[in-house]
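[1] The sequence and its predicted three-dimensional model are supplied below.
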Amino acid sequence: MGKPTGFLETDRQAGVKRQIKERIKDYKEFESNLSHDELEEQTSRCMDCGVPTCHAFGCPVKNRIPGWNDLVYRGHWKRALALLHSTNNFPEFTGRVCPAPCEPACTLSINQESVTIRQIEKQIVERGWEEGWIQPQPAALKTEKRIAIIGSGPAGLAAAQQLVRKGHDVTVFEKDDRIGGMLRYGIPDYKLERSILDRRLEQLKKEGVIFETRVNAGTDISGMYLSRTFDAVVICAGAQVPRNLEIPGRELKGVHFAMPFLTQQNRRIAGGVIPENEAITAKGKHVIVIGGGDTGSDCIGTSIRQGAASVKHIYYQDIPPEERPLCNPWPEWPKTFKTSSSQEEGCDRFWKYQTKEFIGKNGCLTGLKVAELEWTKPKDGSRGTYTEKPNSEEIIPADMVFLSIGFQHCEHGPLLTDLKIEFDKRGNIKKDDNKMTALPGIFTAGDAELGASLVVHAIFSGRQAAEGVHQYLTTERTLKKS
């Protein structure tokens, strides 16, 4: 390593967040970058730890983190970018929206603050764009093999880029009006501005990827047509079936799933017009978000920016500990108390509450009937069990509720029915180690096979599927068929 004692001499430093009172007035990204000198100093904290658990255990795409840290420290930014791109097609996305499981897996995090890996990753790729180092890489030779990719989220885009660079003809079908999937319509602009996505899409187009929007595979084109027309098909349709909270009053006006709310705001920012009778807006409303995770936090940040009168966040879980419990040792992801950037902006958090009923008047939501829970935890800190606290029911006033309690699986619609796709017990698409389904030439990647997960997992899955497709298309058996 460039400076074996760097972690003893330099404190952790990350980008500075814009002031809350300023950033809640717009949808621009809220975190600044470090100077090049400051970032190089931060990379010096990456110690020669022998077994780099940051990428061996923590990073889903297996980023070679110590390698590019050392290259940046020595001033070899372009080489660091090449090493970063060797495992991750879109580090500008993960550098912004990934929760960075690599950081708590950093050896320093055992008893110090970890290396600021996510910040370094983001700034390596941003310098690559600034310097013009990132250019289209069209294949030198074409295989004349045609591949269809269903869905243009992170898995679909990663698979498309990997395959087109191997010389295959790739067409991405997207049912929405624009390319990007969850990257465009699921993540708020204040976390990922759409210009960041658009410049990468332009690179893919110049490499030869063809994008077809407003095409609903299974309805506009059949599964049988796809399997006959293309040499391989990769289903990257995501996990879009939300978990519902089926309790009395669910039908009341004002109770919404989280994603339609977030998608509508992203469309507004993109210049879209939402019909008044379909608009979901938190302006002037007393909002409650049920369920944690990134989606719940995104509902909070968006509600605050829309001008909600108040925002509350309800969890049924017990409040997490400040430090790791015995059952959650390093380098596992720490199941400790955390506060997201959106929660910092103005949100009351309520733990150990179970929602029992939506209360309404004249068909409109007016409140939630909740009950407090009592949790019994084992001494080792594992999850434990809960019971309802006697006589603890109360009604919390609310005009709008967002359900953010996760997703079940991909939609089991006409495309998968037409292809007779098989599912596992959780409703995800069954596949082998190469991401191929029971149907030869039909592959899957991303949340369609994983269940709802992180962008970084989707990218890795897309890359794996691309390798599976390439091997399938270039085996002796397949070549003889063509």
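    Great, that's in hand.
[2] use CA for all of it now, contacts and neighbours both
    Will do.
[3] quick one: residue 368 and residue 402 touch, right?
    No. Using C-alpha atoms under 8 Å, residue 368 makes no contact with residue 402, being 11.9 Å away.
[4] Show me how the record splits this protein into domains.
    Domain ranges of the chain: 6-131, 146-240+408-481, 255-403, per automatic domain parsing.
[5] Would you tell me which one of those is buried the most?
    Counting by mean count of other C-alpha atoms under 10 Å, domain 146-240+408-481 has the highest mean neighbour count of the domains of the chain, with a mean of 20.
[6] what does the average pLDDT come to for that domain?
    What domain 146-240+408-481 shows for mean pLDDT is 95.
[7] any idea which helix or strand comes after the lengthiest strand in the chain?
    Identified as the longest strand of the chain according to DSSP state E is strand 364-376. Sequence-wise, the next helix or strand downstream of strand 364-376 (DSSP states H and E) is strand 385-388.
[8] Mean confidence (pLDDT) on that following strand, please.
    92.
[9] what residues does that strand touch?
    The contact list for strand 385-388 (C-alpha atoms under 8 Å, 6 or more residues apart in numbering) reads 371-377.
[10] Let me know the closest of the residues you listed to residue 18.
    Nearest to residue 18 among the contacts of strand 385-388: residue 372, at 36.0 Å, using C-alpha to C-alpha.
[11] what's across from that closest one in the sheet?
    residue 353 (DSSP bridges).
[12] out of the domains of the chain, nearest to residue 247?
    domain 255-403 (5.7 Å).
[13] What's the end-to-end length of that closest one?
    By C-alpha to C-alpha, to the nearest Å, the extent of domain 255-403 from end to end equals 8 Å.
[14] What segments of the stretch 301-450 of the chain are helices?
    341-344, 414-418, 447-450 (DSSP state H, counting those that start in this stretch).
[15] wouldn't residue 418 be in contact with residue 219 here?
    No. Contact between residue 418 and residue 219 fails when scored by C-alpha under 8 Å: they sit 10.0 Å apart.
[16] okay if I get the contacts of strand 385-388 as JSON lines plus pLDDT and distance to residue 328?
    Converted to JSON lines, the contacts of strand 385-388 look like this (pLDDT from 0 to 100; distance: C-alpha to C-alpha, whole Å):
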{"residue": "371", "pLDDT": "97", "distance to residue 328": "29"}
{"residue": "372", "pLDDT": "96", "distance to residue 328": "26"}
{"residue": "373", "pLDDT": "96", "distance to residue 328": "23"}
{"residue": "374", "pLDDT": "94", "distance to residue 328": "22"}
{"residue": "375", "pLDDT": "92", "distance to residue 328": "18"}
{"residue": "376", "pLDDT": "89", "distance to residue 328": "18"}
{"residue": "377", "pLDDT": "81", "distance to residue 328": "14"}
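[17] Would you mind listing where the stretch 1-150 of the chain has pLDDT under the threshold?
    For the stretch 1-150 of the chain, applying pLDDT under 70 flags the ranges 1-2.
[18] picking that back up, out of the helices of the stretch 301-450 of the chain, nearest to residue 147?
    Closest to residue 147 of those, according to C-alpha to C-alpha: helix 414-418, at 16.2 Å.
[19] hmm, who's touching the longest strand of the chain?
    Residues outside strand 364-376 that contact it (C-alpha under 8 Å, 6+ apart): 252-255, 316, 318, 352-360, 384-389, 392-400.
[20] Please identify which of the domains of the chain is closest to residue 139.
    domain 146-240+408-481 (4.8 Å).
[21] Of all the helices of the stretch 301-450 of the chain, which one is nearest residue 173?
    Using C-alpha to C-alpha, the helices of the stretch 301-450 of the chain put helix 414-418 closest to residue 173, at 12.4 Å.
[22] Identify the residues contacting the closest one?
    Residues contacting helix 414-418 (C-alpha under 8 Å, 6+ apart): 217-219, 222-224.
[23] what do you get if the cut-off is 6 Å, keeping everything else the same?
    Contact partners of helix 414-418, identified using C-alpha atoms under 6 Å, 6 or more residues apart in numbering, comprise 217-218, 223.
[24] With secondary structure and distance to residue 327 added, can I get the residues you listed in JSON lines?
    Converted to JSON lines, the contacts of helix 414-418 look like this (DSSP: H, G, I helix; E, B strand; the rest coil; distance: C-alpha to C-alpha, whole Å):
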{"residue": "217", "secondary structure": "strand", "distance to residue 327": "45"}
{"residue": "218", "secondary structure": "coil", "distance to residue 327": "45"}
{"residue": "223", "secondary structure": "helix", "distance to residue 327": "46"}
